[in-house]
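J.: Task: produce atomic coordinates for the following.
(one chain, ligands or ions: 1)
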Amino acid sequence: MVGLRRGYREGVLVEGAFGSADGTRLLQVSHISESAPGGVSDDCVVASERFVLVLDGATANGLATGCVHDVPWVVSRLAAQISGRLIADGEAPLADVLAEGIGAVCGLHADTCDLGNPDSPSSTVAMVRHRGAVVDYLVLCDSPIVIEATAGDVRLVRDDAMERLPGQSPEILRDVRNRPGGFWVASTEPEAAKHAVVGSIPAADVRRVAVMTDGVSRLFEWYGWSLGRLLGELADAGPAALVASVREAERRAPVGRFPGKRHDDATVALCTHFDPFGP
Ligand SMILES: [Zn+2]
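T.: Residues are numbered from 1 along each chain as shown. This next block holds a predicted model:
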């Protein structure tokens, strides 16, 4: 099929032909998800020709959750609910998609679990969607997105609410999770979606995007990597090589030098080919 589609080229809104004899080139995504050595992953990644979705389930902290399900159950259901909506409706605002997804997962276990428990299983959410002439993004909690512009500059999209907390003990997190002044995460409150970092940028301005869990962003948060180095290695050597670099940095780091887990689940997706005339 050949038709007309509006798009941006060199920053100018134009109309052009799409669906040529060569076909329309859609978003290309390459990704990897690797558990911490010896562990079971609480991460999840879903990719299509239009979007990529990355989730990082909060590790169980030993406190009673009020939920008969484990973290991977919640993460996988949330991934299914969000990605199903992204496929069915390519125009819905990402925050609405997330709110509906959280609400739908609540419906799956409202009869069996106490959804009012503040330690109910939860997950970060990061997603990027190519929607015609624009690229939409959403970040909730600590799974960031790195965007490289066609002009060369690299920017970080992150939700830093957790960093502003007075501490991150299980007790502190329980008191401020999904509360005003605290931090927001996908769990049992659809309202959390309103607190996500969201935005849209012209597809013509986007060269490549990386979406990751904090098991990978520690490369620039802890180990001194620049955003450009991360994107460069991800694009040139691939997602598996980047995660291998994470493991090497973890092994080299002095014990006790950084807070949190020495090894974490590591998930990263690279998105390229943001054709301003599609999809
Ligand atoms: Zn449950």
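
J.: Give me the nearest residue to the residue nearest the centre of the chain, chain neighbours excluded.
T.: Using C-alpha atoms, centre = their mean, the residue of the chain that lies closest to the mean C-alpha position is Ala126, 2.0 Å off. Nearest residue to Ala126 in three dimensions, chain neighbours excluded: Ser143, at 4.0 Å (C-beta to C-beta, 6 or more residues apart in numbering). (C-beta placed from N, C-alpha, C; glycine too.)

J.: gap between that neighbour and the ion?
T.: 22 Å (C-beta to the ion, to the nearest Å).

J.: again, but for Leu55
T.: For Leu55 relative to the ion (C-beta to the ion), the value is 16 Å.

J.: I'd assumed Leu78 was in contact with that residue.
T.: Yes. Using C-beta atoms under 8 Å, Leu55 makes contact with Leu78 at a distance of 6.3 Å.

J.: sec struct for the closest residue to the ion within the stretch 151-279 of the chain, please.
T.: Closest approach between the stretch 151-279 of the chain and the ion, counting by C-beta to the ion: Thr188, at 9.1 Å. At Thr188 the chain is in coil, as set by DSSP: H, G, I helix; E, B strand; the rest coil.

J.: surely it meets Cys106?
T.: Yes. With contacts counted by C-beta under 8 Å, Thr188 reaches Cys106, the gap being 5.5 Å.

J.: what does the chain put close to the ion?
T.: Cys67, His69, His109, Cys113 (C-beta under 5 Å from the ion).

J.: Now neighbour count and secondary structure too, for the residues you listed, in CSV please.
T.: Formatted as CSV, the residues of the chain next to the ion follow (neighbours: other C-beta atoms under 10 Å; DSSP: H, G, I helix; E, B strand; the rest coil):
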residue, neighbour count, secondary structure
Cys67, 20, coil
His69, 17, coil
His109, 19, helix
Cys113, 19, coil
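
J.: and those as CSV, adding pLDDT and distance to Asp214?
T.: Listed next are those as CSV, based on pLDDT from 0 to 100; distance: C-beta to C-beta, whole Å:
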residue, pLDDT, distance to Asp214
Cys67, 96, 23
His69, 96, 23
His109, 97, 26
Cys113, 97, 26
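
J.: returning to what we had before: what about the residue nearest to Ala126, how many neighbours?
T.: Counted by other C-beta atoms under 10 Å, the residues lying close to Ser143 total 25.

J.: Val54 too?
T.: Residue neighbour count, defined by other C-beta under 10 Å, stands at 30 for Val54.

J.: In contact with it, which residues?
T.: Val54 makes contact with 43-45, 125-127, 143, 211-213, 267-269 under the criterion C-beta atoms under 8 Å, 6 or more residues apart in numbering.

J.: what's the answer for Ala186, then?
T.: Residues near Ala186 by C-beta under 8 Å, 6+ apart: 55, 78, 98, 101-102, 122-125, 140-141, 192-193.

J.: Ok, Ala36 next?
T.: Counting by C-beta under 8 Å, 6+ apart, Ala36 has contacts Gly215, Lys261, His263, Asp264, Asp265, Ala266.

J.: give the contact list for the residue lying closest to it once chain neighbours are set aside.
T.: Sequence neighbours aside, His263 is the residue nearest to Ala36 in space, at 4.0 Å (criterion: C-beta to C-beta, 6+ apart). Residues near His263 by C-beta under 8 Å, 6+ apart: Ala36, Pro37, Gly39, Gly215, Arg247, Glu250.

J.: Swap in 7 Å and give it another go.
T.: Ala36, Pro37, Glu250 (C-beta atoms under 7 Å, 6 or more residues apart in numbering).

J.: Would you mind measuring from it to Gly132?
T.: 40 Å (C-beta to C-beta, to the nearest Å).

J.: follow-up on the earlier one: who wins for most neighbours among the contacts of Val54?
T.: Met212 (31 neighbours).

J.: I figured that residue hits Asp264, correct?
T.: No. If you go by C-beta atoms under 7 Å, Met212 and Asp264 don't touch, sitting 11.1 Å apart.

J.: mind listing the strands for the stretch 151-279 of the chain?
T.: 154-157, 197-202, 206-212, 266-272 (DSSP state E, counting those that start in this stretch).

J.: List of residues touching the last one?
T.: It refers to strand 266-272. So strand 266-272 is in contact with 27-34, 43, 45, 47, 52, 54, 128, 208-213, 215-216, 234-235, 239, 242-243, 246, going by C-beta under 7 Å, 6+ apart.
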